[in-house]
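> could you look at this predicted model? Sequence included:
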Amino acid sequence: MRYIKIRAKNYNDAMMKLKMDYGDDAIPISHKMVKEGGLFNSAFFAKDVVELTAAVQDRKSTRKTAPEKKRIDFTVDDRTSARDSSSQSPGSSKTRSAQNQGSAFSSINKTIDDLNDNLQGFKATLLDPRNHGIDTEAEQAVAIALPPARAEEAGPAVIEPAKRFEKEFEEIKTVLNRLVTEQHKSADRGQCADIGEEKLIKPFIDILRCNDFDSEESITIINEVKNTMSKEDQRDRYKIEKSLKDLLKTRVVTTGPFKTGNKKKIIMFMGPTGVGKTTTMAKLGAIYSLREGRSVVFITLDNYRIAATEQLKKYAEIMNIPVHAVNNQKEFKETIARDKAEIIMVDTSGRSHRNEMKISEIKSFAETVEYDFEKVLCVSANTKKRDLNDIFRSFDVMHFSNVIITKVDETSYIGNVIDIADKYNKPISYYTNGQEVPNDIVVADADKIVDMIVCTGNT
């Protein structure tokens with residue numbers, strides 16, 4: 001004979017388990033209430049279970065699988081978490097956040113499920129007449145035969161503890177549900193903040209796109225801006241704009257006015273057809289001659305277009321500036337050496353950037369110059385970025401020193417030119433914003449240029 005102990009929710013379950021595991025030969029001896037389990041493996045909310053002591057014969061027990069106990073399902077309301085998870089892709093950060101929240105909710109649900117079991121077991125134990133001093137086998141048989149309703153005859157001593165426990169349990173559920181609700185609200189606030197930031201950032205991405213930055217470049221620039229800002233500042237449109245301007249300003253290099261001294265200065269203007277080289281040269285010629293009182297001479301190499309030569313001669317006549325038309329490199333070199341002017345401005349014929357031979361011809365004229373020499377590429381602000389890249393690459397064989405942006409008044413954005421100039425490490429000297437001579441030309445300034453890029457306003 002040996003003694004065994006069996007634990008169950010109540011006496012009935014303990015007896016049933018005893019009979020199933022050890023057969024009819026098992027003899028129940030005594031039973032008592034003990035604590036088992038508890039919240040987070042502590043004594044807090046431990047279950048009250050029945051521990052049955054019995055005597056059995058020394059033989060191999062024939063154990064049978066106990067039927068699966070029926071659990072009462074109570075789930076904290078996490079529909080918001082499920083909804084958020086289903087609306088996101090598996091690899092997104094929002095999905096991972098939803099999965100983490102779901103894990104937290106599952107843990108809370110398990111805790112409540114354990115509490116539910118505690119409640120049901122405690123109530124069953126209190127309502128079981130055999131747990132109130134019924135010890136003999138005869139009394140136990142009678143107690144087992146009693147219907148559950150008869151258990152209430154035990155009076156308030158049995159019912160009141162169960163009601164108290166149930167009330168406390170409901171209070172705990174309320175607290176846990178409130179915690180879950182607060183967690184949802186916090187997640188929603190974070191999501192709303194992200195949406196708000198996206199709404200503030202998107203207009204600046206659109207501005208960059210309008211300036212002919214492609215999608216990848218625009219995102220890269222905006223990410224650089226965000227990396228320099230705090231989360232709080234990213235919710236302020238004006239701070240975003242200032243940070244973007246500061247970043248773009250680092251990409252804008254300017255030279256200021258052309259530097260002239262006591263030595264003879266040669267300035268050659270080159271670029272594609274129709275960008276306004278002749279008008280730009282006339283504006284600068286008027287500034288040096290009429291405003292600064294310097295001696296200026298015009299030379300034109302554009303003998304292909306009669307209208308261009310006549311236009312330059314008309315400007316020269318109005319400003320009382322000499323003008324020379326030359327046909328070859330020797331004549332060009334001799335004219336420069338012979339003339340005593342402080343500043344000699346050279347107008348070249350417009351050449352397609354695809355015509356490498358014609359560009360090489362202009363280069364052959366430039367190679368004859370032995371004085372202080374400034375080679376300037378004129379490009380129109382309304383030229384497509386892809387074409388600008390080809391223009392810079394083709395004229396780079398001239399080793400031009402700086403850039404003048406023309407026709408700024410004909411477009412709202414000039415970021416296309418600024419980006420290409422930055423990639424070729426070419427500074428900006430001036431930009432023109434109209435046809436009026438000599439007024440519509442401005443010395444390049446980084447702040448003004450960035451304002452034109454971001455604010456879409458022409459200065």
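Structure's in. What do you need?

> now name the helix or strand holding residue 221.
helix 215-227 (DSSP states H and E).

> tell me the pLDDT of residue 454.
Taken from the predicted model, the pLDDT recorded for residue 454 is 85.

> dump the residue contacts of the nearest residue to it once chain neighbours are set aside.
Spatial nearest neighbour of residue 454, chain neighbours left out: residue 245 (5.6 Å); criterion: CB to CB, 6 or more residues apart in numbering. C-beta coordinates here come from the backbone N, C-alpha and C atoms, glycine included. Going by CB atoms under 8 Å, 6 or more residues apart in numbering, residue 245 touches 450, 451, 454.

> what does residue 14 give?
Taking CB under 8 Å, 6+ apart as the criterion, residue 14 is in contact with 6, 7, 8, 31, 50, 51, 52.

> how about the helices in the stretch 151-300 of the chain?
For the stretch 151-300 of the chain, applying DSSP state H, counting those that start in this stretch gives helices covering 156-210, 215-227, 237-249, 277-286.

> which of these has the lowest average pLDDT?
Of all the helices of the stretch 151-300 of the chain, helix 156-210 has the smallest average pLDDT, which comes to a mean of 67.

> where along the protein do the strands fall?
Residue ranges of the strands in the chain, as given by DSSP state E, are 2-8, 27-36, 47-56, 265-270, 296-300, 323-325, 343-347, 372-380, 402-406, 428-432, 441-443.

> right, and those strands - which one's nearest residue 332?
Closest of these to residue 332 is strand 296-300, at 7.1 Å (criterion: CB to CB).

> excluding chain neighbours, give the residue nearest to residue 296 in space.
Of all residues apart from its sequence neighbours, residue 289 sits closest to residue 296 (CB to CB, 6+ apart), at 4.4 Å.

> roughly how far does that neighbour sit from residue 275?
If you measure residue 289 against residue 275 using CB to CB, to the nearest Å, the figure is 23 Å.

> more crowded one of the two?
Counting neighbours by other CB atoms under 10 Å for residue 289 and for residue 275 shows that residue 275 has the greater number, 25 against 21.

> contact partners for the more buried one?
For residue 275, the contacting residues are 350, 378, 379, 380, 383, 406, 407, taking CB under 8 Å, 6+ apart as the criterion.

> ok, and the most crowded of the contacts of residue 245?
Neighbour counts for those peak at residue 450, which has 22 neighbours (criterion: other CB under 10 Å).

> just the pLDDT for residue 268.
Among the per-residue scores, residue 268 shows a pLDDT of 94.

> give the burial count for it, as a bare number.
25.

> so what's it bridging to?
In this structure, residue 268 has the following beta-bridge partners (DSSP bridges): residue 346, residue 375.

> rewinding a little: which one of the strands of the chain lies nearest to residue 392?
Distances from residue 392 to each of these were compared using CB to CB; the minimum, 7.4 Å, belongs to strand 372-380.

> can you pull the contacts of the nearest residue to residue 388 once chain neighbours are set aside?
Once flanking residues are discounted, residue 388 sits nearest to residue 420: 4.6 Å by CB to CB, 6+ apart. Shown in contact with residue 420 (CB under 8 Å, 6+ apart): 385, 388, 389, 392.

> please apply the same query to residue 217.
Residues in contact with residue 217 (CB under 8 Å, 6+ apart) are 208, 419.

> repeat that for residue 3.
When contacts are taken as CB under 8 Å, 6+ apart, residue 3 is in contact with 29, 53, 54, 55, 56.

> got a ChimeraX select line for the buried ones in the residues you listed?
Buried residues within the contacts of residue 3, as defined by 16 or more other CB atoms under 10 Å, are selected in ChimeraX through the command that follows:
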select :54,56
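
> the contacts of residue 3 into TSV, with extra columns for distance to residue 295 and pLDDT?
Output for those, formatted as TSV (distance: CB to CB, whole Å; pLDDT from 0 to 100):
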residue	distance to residue 295	pLDDT
29	128	77
53	123	87
54	125	84
55	129	81
56	126	83
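
> quick one on the thing from earlier: how close does the residue nearest to residue 454 get to residue 24?
Counting by CB to CB, the gap between residue 245 and residue 24 amounts to 91 Å.

> also residue 239?
Using CB to CB, we find residue 239 at a distance of 84 Å from residue 24.

> also residue 389?
As for residue 389, its distance to residue 24 is 96 Å (criterion: CB to CB).

> ok, the two, which is more surrounded?
Neighbours per residue (other CB under 10 Å) separate residue 389 from residue 24, with residue 389 holding more: 17 against 7.

> pLDDT score assigned to the more buried one?
92.

> how about it: what's its closest non-neighbour residue?
Closest residue in space to residue 389, ignoring its immediate chain neighbours: residue 420 at 5.5 Å, by CB to CB, 6+ apart.

> do residue 347 as well
When the adjacent residues along the chain are set aside, residue 347 lies closest to residue 300, with 4.6 Å between them (CB to CB, 6+ apart).

> go on, residue 204?
With sequence-adjacent residues excluded and distances taken as CB to CB, 6+ apart, residue 204 is closest to residue 244, at 5.7 Å.

> which residues touch that neighbour?
The contact partners of residue 244, taken as CB under 8 Å, 6+ apart, are 204, 221, 222, 225, 454.

> at 10 Å instead, please
Shown here is residue 244, whose contacts under the criterion CB atoms under 10 Å, 6 or more residues apart in numbering are 201, 204, 207-208, 221-222, 224-226, 228-229, 450, 453-454.

> roughly how far apart are it and residue 201?
Counting by CB to CB, the separation of residue 244 from residue 201 is 10 Å.

> common neighbours of the two, please.
Listed as contacting both residue 244 and residue 201 by CB under 10 Å, 6+ apart are 222, 225, 226.

> would TSV of these with neighbour count and distance to residue 361 be doable?
Converted to TSV, the shared contacts of residue 244 and residue 201 look like this (neighbours: other CB atoms under 10 Å; distance: CB to CB, whole Å):
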residue	neighbour count	distance to residue 361
222	19	44
225	22	45
226	17	49
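
> and these as CSV, adding distance to residue 374?
Shown next, in CSV, are those (distance: CB to CB, whole Å):
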residue, distance to residue 374
222, 37
225, 35
226, 40
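
> of all the residues you listed, which comes closest to residue 338?
For residue 338, the closest of the shared contacts of residue 244 and residue 201 turns out to be residue 225, at 55.2 Å, with distances computed as CB to CB.

> just checking, the closest one touches residue 207?
No - no contact is recorded between residue 225 and residue 207 when judged using CB atoms under 10 Å, the distance being 11.9 Å.
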